[in-house]
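K.L.:
what shape does this take:
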Amino acid sequence: MTAGTSSDNFLIESTEERARIKASLTAQEKVKLYKGMLLTRAVDNALKQLFLSGDITYFSKPFQGKGFRSLGQEAIYGASLRLKTGSGYIDNGVYVGDFAAPLIRDLGVFLSMSGDDVATAINAQAGKSGPPCEGRDFHLGDFSQGLLMAAAPLAIATCTLIGLALSFKRKQESRVCMSFIGDGGTSLGEWHEAINFAAVHQLPMIFCVENNQIALSTPLGQQSRARLFADKALGYGIKALTINGNDIEEVASAFKIAADRARFGSGPVLLELETMRMCGHAHHDDMLYLGKDPLLSFAIEPLKDKGYAHQEQFEKWRQLDPIKLYEDKLIDQGTLCQTKAHDLKEEAKAKVQDAIATIKARPWPRLMAKDAELVFKQPLKFMSKQIRKTEFNFSQDGTNYLQAICEGVRLSFAKHKNALVLGEDVGPPYGNSFMMFKPLMNEYADRFVNAPISENAIVGACVGLALGGMLPIGEMQFNDFIACAMDQLANNAAKTFFRLNRSVPMVMRMPYGGLRSAGPYHSQDTSSWFYRTPGLKIMAPSTPIDAMLMLRRAVDDPDPVLFYEHIALYRDPKIKQDFKAIPHHNIDGASLVHEGDHLSIISYGAYVHVVRSVAEQLSLAHGITADVLDLRYLTPIDFDTIYESIKKTGRVLLVSEDTRVGSILQSIACEIGQELFSYLDAPVTVLGSRNIPVPYAPSLERDFLPTEPEIIDAAIKLINF
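P.N.:
Numbers count the residues shown, from 1 in each chain. Here you go, the predicted structure:
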């Protein structure tokens with residue numbers, strides 16, 4: 001097979017070391033590798049058979065399930081042979097070994113690291129009660145044994161791993177993370193962000209590219225112009241090897257070398273494994289790829305000239321079947337005989353059939369818990385159902401909003417030795433793009449971790465850091481940029497507890513908002529994007545004291561929190577508060593910041609101050625008194641406080657700077673109409689910005705945002721209805 005590297009010396013040294021490792025393999029290890037490949041193929045065959053037969057039933061109807069096979073790629077079982085994996089790395093019930101993020105072709109990795117847990121592997125497809133995730137996903141993993149769950153967005157786990165690896169490095173733990181991706185997956189931007197992040201931070205990682213010649217149906221030449229994927233390592237400044245991915249001893253030795261290098265501080269290694277997918281992309285694709293559903297055995301049958309697989313290429317790799325090659329090698333060496341090989345195959349099939357029998361007997365899972373309990377480790381509950389009145393009490397000599405957030409971080413650092421800030425330009429000497437953390441640079445310089453410009457890597461790393469026992473405070477330089485990391489936030493951070501039943505204590509700080517003429521990419525309110533994303537809590541304080549206390553609460557929370565900070569409030573000289581009032585300040589739920597009887601006005605963020613001004617004008621000029629509610633929490637919404645106010649006033653006006661269409665306030669309005677219809681004396685009214693991008697020129701932004709005169713007019717119309 002071809003060998004490539006980003007360093008000739010590394011290639012020479014690794015070639016010699018691989019030979020030494022292979023020579024050191026014991027007969028017991030070799031038989032283990034052979035048995036592992038047999039078991040991988042036996043499970044593969046069983047998964048396909050379950051798909052075809054419909055033996056798993058739901059209300060007497062066949063349930064095929066979703067499934068993927070590893071046919072031809074079983075040698076990946078050898079990756080963990082000489083790594084820190086397995087039951088020997090459980091300390092007081094906690095796994096302390098190396099981690100891997102296998103993908104859909106990596107059944108062998110899962111089996112090798114899970115102690116050949118066949119039942120869990122099959123149940124991923126069957127969807128019955130029990131691991132891997134109580135039927136909540138059909139992907140495979142087991143965090144308790146160092147296996148992140150695979151996902152359809154292929155690089156989700158890769159970005160998570162960089163955070164895990166960073167946690168290992170910061171805690172000086174001698175542990176390695178292994179990312180697996182196919183040739184097609186290397187085209188993903190998230191994968192590039194992750195490998196670059198890992199290289200910059202010299203993380204203990206292995207990036208394995210399984211070059212199986214085709215991505216679903218897209219051939220290599222349409223995926224990359226590089227002859228070898230390992231050649232790309234040069235662009236990241238890391239070492240790389242291309243090896244025969246069908247030679248299980250070669251796989252085992254290469255992973256051992258890469259792991260040792262990463263483990264002892266030399267940074268990531270890219271391993272390219274040349275192999276070929278000998279089946280369709282998924283169970284349903286076999287007929288297209290192969291021309292028919294294949295015979296299910298330990299052999300790979302020749303290709304019929306009907307499918308989209310390349311005939312000559314397929315036959316070449318069929319002759320390199322990793323199981324057949326290794327079986328012949330072990331027989332030649334005298335480590336194995338034909339009779340023993342036959343017995344081991346029967347043993348593998350029997351083990352699989354036993355697992356299937358237990359799975360068939362399992363019940364189907366149900367969603368019996370409340371929604372919040374399914375997506376949060378600790379659902380946020382507001383203790384008091386009484387309206388909480390808050391006096392703003394601003395002081396010219398007080399602390400401004402920006403300083404309050406800095407103080408919240410400082411106090412969180414003092415309380416939690418494992419807390420850190422991760423983002424672009426957050427570290428010395430800058431202290432973030434607003435110079436927010438400049439006062440903390442001397443005392444806590446090592447807690448501020450600069451990231452490359454890579455939003456996916458930042459969010460994914462925060463998930464991994466949280467899973468690794470850290471308390472990450474991530475920063476989007478501007479909340480608008482979270483669009484670049486939508487996958488990592490909505491599909492990773494938000495779904496991790498639901499899928500893995502693992503707490504993800506992370507904060508993502510989201511500077512946002514208009515009122516500053518900053519244009520369409522530095523002014524949006526993106527909170528509504530995530531309001532309907534289960535698994536994310538959202539906070540949006542409007543005052544310095546709230547900002548400081550709520551940020552500390554967010555850091556202490558065991559679930560992902562999006563912390564929206566309005567940039568226009570950062571240095572507003574009118575929005576300063578004396579922190580002596582903190583001991584008496586309540587941050588439980590929404591707060592009443594202005595009291596009245598005729599109308600309820602609801603807002604959050606900077607517009608709380610706008611509508612509070614409106615309420616004072618309505619009282620002075622029109623004799624209309626209004627409750628002004630500052631929501632403070634956008635997920636969950638404190639509906640009890642909202643309802644108490646509306647039951648008193650009978651009228652409600654919701655105001656924010658977000659576009660009205662699809663806003664959080666529009667959703668709240670729907671709930672009010674449904675739950676309080678009999679209490680309403682006028683239509684529920686929502687005011688928001690125009691349904692266009694945020695414009696730049698001050699004159700245009702004024703036309704875009706709701707103005708005080710417009711809010712006053714809307715309030716008077718409600719009173720006169």
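
K.L.:
only C-alpha atoms for contact and neighbour calcs from this point on.
P.N.:
OK.

K.L.:
now name the helix or strand holding Tyr564.
P.N.:
strand 561-566 (DSSP states H and E).

K.L.:
for the helix or strand harbouring Phe255, packing partners?
P.N.:
Assigned by DSSP H and E, Phe255 belongs to helix 248-263. Contacts defined by 3 or more C-alpha pairs under 8 Å, 6 or more residues apart in numbering; DSSP states H and E place helix 248-263 against helix 8-24, strand 205-211, strand 239-244, strand 269-274.

K.L.:
ok now the strand holding Tyr564, how far from the chain's centre?
P.N.:
Mean-position distance between strand 561-566 and its chain equals 18 Å (C-alpha atoms, centre = their mean, to the nearest Å).

K.L.:
other SSEs contacting that strand?
P.N.:
So strand 561-566, by 3+ C-alpha pairs under 8 Å, 6+ apart, packs with strand 507-512, strand 537-539, helix 544-556.

K.L.:
now render these as TSV, adding mean neighbour count and distance to Leu680.
P.N.:
Converted to TSV, these look like this (neighbours: other C-alpha atoms under 10 Å; distance: least, C-alpha to C-alpha, whole Å):
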stretch	mean neighbour count	distance to Leu680
strand 507-512	26	33
strand 537-539	25	28
helix 544-556	23	31
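
K.L.:
to Arg632, which of these lies closest?
P.N.:
With C-alpha to C-alpha, the closest approach to Arg632 among the helices and strands packed on strand 561-566 belongs to strand 537-539: 5.9 Å.

K.L.:
pairing partners for that closest one, with directions?
P.N.:
Strand 537-539 has the following strand partners under DSSP bridges: strand 561-566 (parallel), strand 633-635 (antiparallel).

K.L.:
all helices in the stretch 351-500 of the chain, in order from the N-terminus.
P.N.:
371-375, 401-415, 441-444, 455-467, 486, 496-500 (DSSP state H, counting those that start in this stretch).

K.L.:
for Arg170, which of the helices and strands packed on helix 248-263 is the nearest?
P.N.:
When the helices and strands packed on helix 248-263 are compared (using C-alpha to C-alpha), the closest one is strand 205-211, at 13.9 Å.

K.L.:
CA atoms of that closest one as PDB?
P.N.:
Listed next in PDB are the C-alpha coordinates belonging to strand 205-211 (Å, rounded to 0.1, in the frame of the first residue of the first chain):
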ATOM      1  CA  MET A 205      -5.700  13.500  19.400                       C
ATOM      2  CA  ILE A 206      -5.700  11.100  16.400                       C
ATOM      3  CA  PHE A 207      -7.700  12.100  13.300                       C
ATOM      4  CA  CYS A 208      -8.400   8.900  11.500                       C
ATOM      5  CA  VAL A 209      -9.600   9.200   7.900                       C
ATOM      6  CA  GLU A 210     -11.100   6.000   6.600                       C
ATOM      7  CA  ASN A 211     -10.600   6.400   2.800                       C
END
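
K.L.:
ok, that strand: who's next to it in the sheet?
P.N.:
strand 177-182 (parallel), strand 269-274 (parallel).

K.L.:
related to what we said a few turns ago, quick one: contacts of the helix holding Phe255?
P.N.:
14, 17-19, 21-22, 33, 75-83, 174-176, 203-206, 243-245, 267-269, 271, 273, 322, 326 (C-alpha atoms under 8 Å, 6 or more residues apart in numbering).

K.L.:
now list the buried members of those residues.
P.N.:
14, 17-18, 21-22, 33, 75-83, 174-176, 203-206, 243-245, 267-269, 271, 273, 322, 326 (16 or more other C-alpha atoms under 10 Å).

K.L.:
quick check: domain ranges of the chain?
P.N.:
Residue ranges for each domain of the chain read 8-360, 391-584, 591-720, as given by automatic domain parsing.

K.L.:
hmm, back to that, mind checking which of the strands paired with strand 205-211 is nearest Ala615?
P.N.:
Closest approach to Ala615 among the strands paired with strand 205-211 is made by strand 177-182 (56.0 Å; C-alpha to C-alpha).

K.L.:
pLDDT (mean, whole number) over the closest one?
P.N.:
Strand 177-182 shows a mean pLDDT of 97.

K.L.:
give me the contacts around that strand.
P.N.:
Counting by C-alpha under 8 Å, 6+ apart, 98-103, 106, 154-155, 157-158, 161-162, 164-165, 204-212, 215 sit against strand 177-182.

K.L.:
which is the next helix or strand following it?
P.N.:
helix 189-200.

K.L.:
what packs against that following helix?
P.N.:
Short answer (3+ C-alpha pairs under 8 Å, 6+ apart): helix 189-200 packs on helix 156-170, helix 233-236, helix 455-467.

K.L.:
can you do 10 Å?
P.N.:
Secondary-structure packing of helix 189-200 (3 or more C-alpha pairs under 10 Å, 6 or more residues apart in numbering; DSSP states H and E): helix 156-170, strand 177-182, strand 205-211, helix 233-236, strand 269-274, helix 455-467.

K.L.:
out of the ones you listed, which one sits most buried?
P.N.:
Ranked by mean neighbour count, the helices and strands packed on helix 189-200 are led by helix 455-467 with a mean of 30 (mean count of other C-alpha atoms under 10 Å).
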